[in-house]
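>>> here's my sequence, what's the structure:
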Amino acid sequence: METVNLHGIVEGAGEGLVLLHPIGLDSSFWGAMPTMLARSHRLLRLDLRGFGGSPMGAQAAPIEAYAADVHEAIRRHGLERPAVLGLSFGGMIAQTLALEFPGSVGRLIACGCPGGIPASAREALRERGLAAERAGMESIVPATIERWFTPGFVGNPVVERVRERLSGDSVRAWSEGWRAISGFDALPRLGGIDVPALVIAGERDAATSPEAAAALKAAIPGARLVTMPGAPHMMQLETSGLFTEAVSDFLAGRPVGEA
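Alright, predicted model coming up:
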């Protein structure tokens, strides 16, 4: 499988922690969490293929290729079984990484994502990429912002940064990412994951339902579930403090969420 050399930012020292961002963003969209966690971890923030400083692949690829990119980046940076945290598309890639390359993942944190895309939803998700192909990235920004944040937060400066990032994205990267998402279906295999796992859901997440988060938690043996009050899909930005606290507690081995 063809892989691409992902751009990454390394900071801090200690146990390894890899961060995988949502579609359309890059490694700079993690709120306050990297600064906090770099005090106790060696943090590797990656740009997924086609986003930020990472190149595209030669052709459209399934989600397994995105996971293979991450596996190669982990190996290249010398991390040994790091914790891997992914949000939205990044969470789907993190699950795939844990299944395809189990030796690459010591702990799994899957945020704002399901364990698979139902067949009935695949065409609608693919359409999000095709819409940008027809009318450009600017055309998809309003609906994406509405899906990602609560109405009371959209005036925050960080949302303007998100708008600018989305508007400047490659149409091809956006569309190929949605194509990969539309084919994602890890749920039947998640029983094979044997590392500590945490699922983080947002109470006000318009993109991933509470039922989907609960199904993901139930499919991973021993996983725990945290539902953050008031949190939307972009929980790491709008509810950064709560999000960082939940991740920190899990990484430190403190009780978190429900079994």
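>>> what packs against the longest helix along the chain?
The single longest helix within the chain, with elements called by DSSP state H, is helix 119-135. In this structure, helix 119-135 makes packing contacts with helix 171-182, judged by 3 or more C-beta pairs under 8 Å, 6 or more residues apart in numbering; DSSP states H and E. Glycine gets a C-beta too; all of them are placed from N, C-alpha and C.
>>> buried residues in the helix it packs on?
Burial within helix 171-182, assessed by neighbour count using 16 or more other C-beta atoms under 10 Å, is assigned to 171, 173-182.
>>> what ranges do the strands span in the chain?
With DSSP state E, the ranges of strands along the chain come out as 8-11, 15-20, 41-46, 83-87, 107-111, 197-202, 224-228.
>>> with mean pLDDT added, can I get those in a markdown table?
Shown next, in a markdown table, are the strands of the chain (pLDDT from 0 to 100):
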| stretch | mean pLDDT |
| --- | --- |
| strand 8-11 | 97 |
| strand 15-20 | 98 |
| strand 41-46 | 98 |
| strand 83-87 | 98 |
| strand 107-111 | 98 |
| strand 197-202 | 98 |
| strand 224-228 | 97 |
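>>> any chance of a markdown table for those strands, columns mean neighbour count?
Shown next, in a markdown table, are the strands of the chain (neighbours: other C-beta atoms under 10 Å):
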| stretch | mean neighbour count |
| --- | --- |
| strand 8-11 | 16 |
| strand 15-20 | 25 |
| strand 41-46 | 24 |
| strand 83-87 | 28 |
| strand 107-111 | 26 |
| strand 197-202 | 27 |
| strand 224-228 | 20 |
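>>> look up the closest residue to V158, ignoring the ones flanking it.
In this structure, V158 finds its nearest non-sequential neighbour in L237, 5.3 Å apart by C-beta to C-beta, 6 or more residues apart in numbering.
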